[in-house]
Every structure is written in structure tokens, then in C-alpha cells.
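**Q** Provided below for reference: sequence and predicted model.
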Amino acid sequence: SRRRRRISHERLRDGLVALNEGRNVEAHRTLQRAAQYSSLRSPALLSAAEAAHRHGDTTRALETLDEAAQHAPEAARILRARILRENGRAEEALQLLSPAAEAGKLPPAGWHEYALAALATGQPDKARAALEPLRKSDMLGAAAYADLVTRVLGSALRDAPDATTLQDLWKRATRQQRQMPALLDAWARRAAALGNAHAALDAIEDAVKRDWNPSLVATYGEIAPPEEAAQRLHTATRWQETHPGEDALFRALGMLSMRASDPRDAREYLVHALAIKPTAAGWAALGDVQSASGEPEDATRCYANAWKCAQGEEIAPGPQEAGIDTAHLTLEERDEHGMPRLPGEQPTAR
């Protein structure tokens, strides 16, 4: 009847408002009642299942989806997969979506959920199958899609079992993807671990020439093997001309100096990095230098400071840190044009 239809529409409206306001118990109850009208059954039941899930009632959510599947099977399957994944049952979610994925018949939300479930189960190769359909659908928008690509390809690169597989993955990535710092970092670290540090270091050098990136600079210092340390140290030293106040650069210089058998310079660079910005990585690197230099007690203190920094504390270097007088360390700042800024000088207003 007309009256019944009007009441069901009002219940659907009130239930969706309650759902978006976080009144999940009320939303579930109201939406279940709205589902009594046949033309509203699919959206009402799907939203009721979402309300139960948000309330933490997984059993009720899945029971509601059993009913919703009779009217909107594809949407109910996708929502069921998400609820399973978010409840730590990603393997079940992946199995639920796999037949349609293998047939290439998932809608955009299904591909997204398939990718997330594959990642959650450590299967980035399966997640990669979802990237092209998601790109074509533009479901996620540019920023979210780029984040997903980074997660999927980054996981695949980190898990590459051998150099051949790694290189094949890298070649198949687009030029834009190979220029993403997070993906380049994942490839470089894995390449170095598989014995191709030379190519990884060259790629990082090219990348930071185009666009300076502290994370890549830190990786540069971490993956250089001893036989290349002196050459790479020479290159990294030149970067100080345009990035004199970069803690990641000083940390990289310290690690490269240590591998080039110059512990004195290594200590000075690392203490300088810590004076700029105390980090767990900086303290751990200084601990490694002190340990290799026969200073076990100081190394232990540095490692303890690294742990404290990792827990959120900020542990600055002392006035005679690792035998280095920190009073002479001046922290030069430069503006966006690379020109030195006087102490206390404020950035120029635009």
C-alpha cells in the first residue's frame, strides 16, 4: 500500500541517518524494519548488516547478509568479504572472492576488497591482478590508488625470492611507478640483499638528483657494501652543498664512513645527525660504530637510546658524545632556493 511504502521510505531514511551518526543498534533495528518493503529490501539489508558490523556483532551482520544475498548477491558477497577481513578472517574473504576474480567479473568494490584480502594473507601477486581493473574504474581516485599500488608492488618487491623475479617485477612496473620513492626503496633494498647493490645505489643517485628524498638517502647509506663505500661516500659528500642540515644525509655519511674504515669520521657524522634530529636509526648506527671500535659500554648506551627513541622519547647527544665535542656543531639552515639562512632568521613570507 501507499502508506506502507511511505513508512518504509521513512525508516530507510531514519536508519541511514542513524548509521552515519553512529547509532548502530538503532540503525540496524530501523533498517531491518525498512526491509519489509520489497523495493527497499536490498539497500536496507546491506545497510543493516553494516550497522551490525560497526556495533561489533559479526554474527548478526553475517546473518543479515544471508538474507541480503537473496536480493543483491554481488553486493552482499563484497560486504561479507570486508567484514570477514576486518575480523581477521582474510583467507576466507579471499576464497569468497576468488572465483569471480579468476573469471574477471568482480565489480570495482570487489576488486578493492580482493586486493586488501590478498595483501592481508601475504599474496601480493594476487593483489596485483586487481590493480588494472581498479585503475580503469577510477573507484579509488588518484591518491588512494597510488597508495594501493605502493602497498601491492612494494610487498611483491620485498618478497621477491630471487634476482630474476625481482628484475622482472621492476621491468613490468610503469615508469611512474619506478619513480615512486617507496617502491624504489623497496626494490633497492631487495636488490642489494640479492647481490645487486651497485645498480640499486646508481638508481638512488639518479632519483635524488631529480627529487631529493631523505628516506632514499638513508637507504643509500644502509645498503652500500664495503667495496663501494669510498666511492659512494665521495658522491654523498657532495650532496652536503645543497642539503647541509639533513639528518638522514649525515647518518648516511656516517654509515658509509664506517664501511670505508674511517670510524672517527663516522662518529662525527652520526653525532652531527643526532644533534640535528635524534632518531632510533641514528643512535643504533652510532652504537654499531662504537661496538666495532671496541667501546662496548658506550655501544650499549647508544642502543638503549635507540630503543627509547623508538618508544617516542627524544634523546639528544651529550656535550662529549662518543668523544665528539658537540658544541662546535652548527646546524646550518637554508631557504627554498638553497641560500644559507642566518641564525634566528625567519623564512621569507610568500
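**A** Received it, and whenever you're ready, just let me know what you need. Numbers count the residues shown, from 1 in each chain.

**Q** could you pull up the mean pLDDT of the helix or strand where residue 149 lies?
**A** Residue 149 is part of helix 142-158 when elements are defined by DSSP states H and E. For helix 142-158, mean pLDDT rounds to 93.

**Q** pLDDT score assigned to the residue nearest to residue 155 when sequence neighbours are not counted?
**A** Spatial nearest neighbour of residue 155, chain neighbours left out: residue 124 (3.9 Å); criterion: C-beta to C-beta, 6 or more residues apart in numbering. (Glycine included, C-beta is placed from N, CA and C.) At residue 124, the pLDDT value in this model is 92.

**Q** check which element follows the longest helix anywhere in the chain along the chain.
**A** Across the chain, the longest stretch assigned as helix under DSSP state H is helix 2-20. Note on helix 2-20: by DSSP H and E, the next helix or strand toward the C-terminus is helix 24-34.

**Q** ok, and what's touching the strand or helix carrying residue 237?
**A** Applying DSSP H and E as the criterion places residue 237 in helix 226-238. The contact list for helix 226-238 (C-beta atoms under 8 Å, 6 or more residues apart in numbering) reads 197-198, 201, 205, 217, 220-221, 224, 249, 252-253, 256-257, 259-260.

**Q** any idea how this protein splits into domains?
**A** Domain segmentation of the chain under the TED database yields 1-97, 160-223, 227-328.

**Q** hmm, back to that, now the helix holding residue 149: buried residues?
**A** 145, 148-157 (16 or more other C-beta atoms under 10 Å).

**Q** then stretch 170-182?
**A** Across stretch 170-182, burial judged by 16+ other C-beta under 10 Å covers 170, 173, 177, 180-182.

**Q** any idea how far apart the tips of that stretch sit?
**A** Start-to-end span of stretch 170-182 (C-alpha to C-alpha, to the nearest Å) is 13 Å.

**Q** that stretch - what's its average pLDDT?
**A** If you average the pLDDT values across stretch 170-182, you get 90.

**Q** ok now it, how far from the chain's centre?
**A** Put simply, stretch 170-182 sits 16 Å off its chain's centre (C-alpha atoms, centre = their mean, to the nearest Å).

**Q** please work out which residues outside that stretch touch it.
**A** Taking C-beta under 8 Å, 6+ apart as the rule, stretch 170-182 contacts 146, 149-150, 153-154, 157, 183-184, 187, 207, 210-211, 213, 215-216.

**Q** change it to 7 Å
**A** Stretch 170-182 is touched from outside by 149-150, 153-154, 183-184, 187, 213, 215-216, with contacts defined as C-beta atoms under 7 Å, 6 or more residues apart in numbering.

**Q** tell me the angle the strand or helix carrying residue 220 makes with helix 226-238.
**A** Counting by DSSP H and E, the element that carries residue 220 is helix 214-223. Going by axes from the mean of the first three to the mean of the last three C-alpha atoms, to 10 degrees, helix 214-223 is angled at 150 degrees with respect to helix 226-238.

**Q** okay, buried residues for helix 214-223 please.
**A** Judged by neighbour count (16+ other C-beta under 10 Å), helix 214-223 contains these buried residues: 214, 216-223.

**Q** next, format those residues as TSV and append pLDDT and distance to residue 241.
**A** Converted to TSV, these look like this (pLDDT from 0 to 100; distance: C-beta to C-beta, whole Å):
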residue	pLDDT	distance to residue 241
214	95	16
216	97	18
217	97	14
218	96	19
219	97	21
220	97	16
221	96	17
222	95	22
223	96	23
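
**Q** tally of neighbours for residue 231?
**A** Using other C-beta atoms under 10 Å, the number of residues around residue 231 comes to 14.

**Q** what does the average pLDDT come to for stretch 61-75?
**A** pLDDT averaged over stretch 61-75 gives 95.

**Q** ugh, typo on my part, it should be stretch 38-45
**A** 90.

**Q** nearest residue to residue 281 other than its sequence neighbours?
**A** Excluding its sequence neighbours, the residue lying closest to residue 281 (C-beta to C-beta, 6+ apart) is residue 251, at 6.4 Å.

**Q** which of the contacts of helix 226-238 are buried?
**A** Using 16+ other C-beta under 10 Å, the buried ones in these are 197-198, 201, 217, 220-221, 224, 249, 252-253, 256-257, 259-260.

**Q** where does the chain have low pLDDT?
**A** Applying pLDDT under 70 to the chain picks out residues 1, 319-320, 322-350.

**Q** OK, contacts around residue 106?
**A** 97, 100, 114.
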